[in-house]
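*Asks:* Just a sequence and a predicted model for now, questions to come.
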Amino acid sequence: MSARPEVVPPQPWAFPEPQRHTLDNGIALLAYDIPGQYVISVRTVLPLPLTVEPRELEGIATITARLLDEGTARHTSEEFAELLERKGIALGAGMSDSGLSVDLDVPKRRLAEALDLLQQALGEAVFPEAEVTRHVRTRLAEIEQERAMAPHRAAREFIATFFDSDDRASRPSAGTTQTVSAITREAIVDFHRRFIGPQGMTVVVAGDLSGVDVTALAGEVLGQWRTEGQEVAEPSTAPPARAADATRIVLVDRPGSVQSELSVGCAGPDRRVEGGWAAYPVLAFVVGGSPNARVDAVLREEKGYTYGIRSGFRPRRRGGLFLTNGSVRADSTVESVKLLLGILDGARDGFSDNEVRSGVDFISKTAPGRFATADAVADEAASLALEGLTTQFTTDNLLAMQSLDSDALVEAYQRWVDGQWTVVIVGDASLYADELKTLSRGDVTVVPN
């Protein structure tokens, strides 16, 4: 009988290395060859801070992004949609606080045709009046829907409370009813002409690239795209400003609600934080990032107040947030807030070796599975490109996790979590507004839904 094989710890995992090239028009091309992945994922990103939007037209970047595939100089909206469907191409676009993203997935044999349609969407969009009207109306309907959904309503009130009212971060990234209603086709055409172009753009191509000269293909199609007068918007080097009265509790009154939606947060780091980013995904996992984390161990398993509450560090290009979100039974609202804040504050006192190891193992050892597909690789590379980083950051971060200990986690946590909490609750304020004041967590304000 042969000897049993020795079980050894897995070797450190590294993110795939891309081929890098700069096209003639300045587009940065990253090509990740992932054998066996025959659906190619293409991600196009352009850093574009929302501060470039006119104050009275906030949301115009989002509407512009959504209209990119609604007709080009060569194809009507219906023709463009038919081409995408006939060739098996999935294309979508959107805006975040960091910039424009256009996602495209296509069978390998259709890559050349897909890149041509991508170039048309980016550079030749015509923004038909009827489609502009439709997308504006759709966004206005979304705003009403978001107002009706407790998690969205909590998120909107949180940013309005946490960030200074003069800062763009305090308002919805896709605009408000007033600003979206003012958007016209002429304004969209001007916004696209000024800001959407190849300068500063990154295109990520991931999948089985055997037999495909991606550099030549992209150069023949995307590399020929030219614009005149593109304004390259420089992202701010400072994080968004926090409101002077952010440390308080805000109740969004929703009479009769049987649940209370909680959104609790404080300032957090970005990925360039001093001392490195490695500690923060682990901290999130240990404190409230899994069903076995500290928050759920008490509020779900011990008390039965919730189906689940999650915590996480949310980095922006500069600065970030540490957020905890979830819903609890209405009759447990005050006790849940008290316990939750106690858990979050108490984590400043330290973490056990078991917690550190479970967090490090989960984040690092699941990485090969998380990044096993072309779309996951492309998504990671594109999101980091929007922040001016490469996927070497991911490799370095996973390696740095291996040396984390309890002292490192405590230091990282204490650097940001100082007990100055912004608490937003969406629910029936009549049930617990007065009792919340006894928690001494800042002023308690009630606002209408």
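*Replies:* Thanks, I have it. Residues are numbered from 1 along each chain as shown.

*Asks:* Pick out the residue nearest the middle of the protein.
*Replies:* For the chain, Ser96 is the residue whose C-alpha lies nearest the centre (C-alpha atoms, centre = their mean; 7.0 Å).

*Asks:* tell me the contacts of that residue?
*Replies:* Going by C-beta atoms under 8 Å, 6 or more residues apart in numbering, Ser96 touches Ser173, Leu386. Where you see a C-beta, it was placed from the backbone N, CA and C, and this is true even at glycine.

*Asks:* ok, now Ser352?
*Replies:* By C-beta under 8 Å, 6+ apart, the neighbours of Ser352 are Ser406.

*Asks:* Recalculate using a threshold of 6 Å.
*Replies:* With contact set as C-beta atoms under 6 Å, 6 or more residues apart in numbering, Ser352 has no partners.

*Asks:* Next one: it from Gly288, what distance?
*Replies:* 16 Å (C-beta to C-beta, to the nearest Å).

*Asks:* what about stretch 149-162, average pLDDT?
*Replies:* Average pLDDT, stretch 149-162: 98.

*Asks:* buried sites along it?
*Replies:* For stretch 149-162, burial by neighbour count (16 or more other C-beta atoms under 10 Å) applies to Ala150, His152, Arg153, Ala154, Ala155, Arg156, Glu157, Phe158, Ile159, Ala160, Thr161, Phe162.

*Asks:* got the residues you listed as JSON lines, with distance to Val423 and secondary structure columns?
*Replies:* Listed next are the buried residues of stretch 149-162 as JSON lines, based on distance: C-beta to C-beta, whole Å; DSSP: H, G, I helix; E, B strand; the rest coil:
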{"residue": "Ala150", "distance to Val423": "15", "secondary structure": "helix"}
{"residue": "His152", "distance to Val423": "17", "secondary structure": "helix"}
{"residue": "Arg153", "distance to Val423": "14", "secondary structure": "helix"}
{"residue": "Ala154", "distance to Val423": "10", "secondary structure": "helix"}
{"residue": "Ala155", "distance to Val423": "13", "secondary structure": "helix"}
{"residue": "Arg156", "distance to Val423": "15", "secondary structure": "helix"}
{"residue": "Glu157", "distance to Val423": "10", "secondary structure": "helix"}
{"residue": "Phe158", "distance to Val423": "9", "secondary structure": "helix"}
{"residue": "Ile159", "distance to Val423": "14", "secondary structure": "helix"}
{"residue": "Ala160", "distance to Val423": "13", "secondary structure": "helix"}
{"residue": "Thr161", "distance to Val423": "9", "secondary structure": "helix"}
{"residue": "Phe162", "distance to Val423": "10", "secondary structure": "helix"}
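
*Asks:* where do the strands sit along the stretch 151-300 of the chain?
*Replies:* Along the stretch 151-300 of the chain, counting by DSSP state E, counting those that start in this stretch, strands occupy 202-207, 249-253, 259-268.

*Asks:* hang on, I meant the stretch 1-150 of the chain
*Replies:* Counting by DSSP E, counting those that start in this stretch, the strands of the stretch 1-150 of the chain are 19-22, 28-33, 39-47, 90-95, 99-107.

*Asks:* mind checking which of the ones you listed is nearest Thr215?
*Replies:* For the strands of the stretch 1-150 of the chain, the distance to Thr215 is smallest for strand 19-22, at 4.8 Å, taking C-beta to C-beta.

*Asks:* Adjacent strands (with direction) for that closest one?
*Replies:* strand 28-33 (antiparallel) (DSSP bridges).

*Asks:* before we move on, the earlier item: go through the strands of the stretch 151-300 of the chain and pick out the most buried.
*Replies:* With neighbours taken as mean count of other C-beta atoms under 10 Å, the strands of the stretch 151-300 of the chain reach their highest mean count in strand 202-207, at a mean of 27.

*Asks:* Kindly format the C-alpha coordinates of that strand as PDB.
*Replies:* Provided in PDB are the C-alpha atoms of strand 202-207 (Å, rounded to 0.1, in the frame of the first residue of the first chain):
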ATOM      1  CA  THR A 202      -8.300  51.600 -19.700                       C
ATOM      2  CA  VAL A 203      -9.600  48.600 -21.600                       C
ATOM      3  CA  VAL A 204      -9.300  45.200 -20.000                       C
ATOM      4  CA  VAL A 205      -9.700  42.000 -22.100                       C
ATOM      5  CA  ALA A 206      -9.900  38.700 -20.200                       C
ATOM      6  CA  GLY A 207     -10.500  35.200 -21.400                       C
END
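
*Asks:* Quick one: mean pLDDT for it?
*Replies:* Computed over strand 202-207, the mean pLDDT rounds to 98.

*Asks:* Using the three-state scheme, assign Val328.
*Replies:* Recorded secondary structure, Val328: strand (DSSP: H, G, I helix; E, B strand; the rest coil).

*Asks:* right, and it touches Thr306 too?
*Replies:* Yes: counting by C-beta atoms under 6 Å, Val328 does reach Thr306; the two are 4.7 Å apart.

*Asks:* now the strands of the stretch 151-300 of the chain as a markdown table including distance to Ala347?
*Replies:* Shown next, in a markdown table, are the strands of the stretch 151-300 of the chain (distance: least, C-beta to C-beta, whole Å):
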| stretch | distance to Ala347 |
| --- | --- |
| strand 202-207 | 36 |
| strand 249-253 | 20 |
| strand 259-268 | 12 |
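
*Asks:* Which among those is found nearest to Ser440?
*Replies:* The nearest among the strands of the stretch 151-300 of the chain, by C-beta to C-beta, is strand 249-253 at 10.3 Å.

*Asks:* So the chain: which segments form each domain?
*Replies:* Listed by automatic domain parsing, the domain ranges of the chain are 19-224, 249-359+405-448.

*Asks:* Endpoints of the first one, how far apart?
*Replies:* Looking back up the chat, that one is domain 19-224. 20 Å (C-alpha to C-alpha, to the nearest Å).

*Asks:* Kindly report the same for stretch 51-71.
*Replies:* 27 Å.

*Asks:* Tell me how many other residues crowd Asp324.
*Replies:* Quick fix: residue 324 is Thr, not Asp. Number of residues near Thr324 (other C-beta atoms under 10 Å) recorded here: 23.

*Asks:* Can you list the strands that the helix or strand in which it is found pairs with?
*Replies:* Per DSSP states H and E: Thr324 is located in strand 320-329. Sheet neighbours of strand 320-329, with direction, are listed as strand 259-268 (antiparallel), strand 309-315 (antiparallel) (DSSP bridges).
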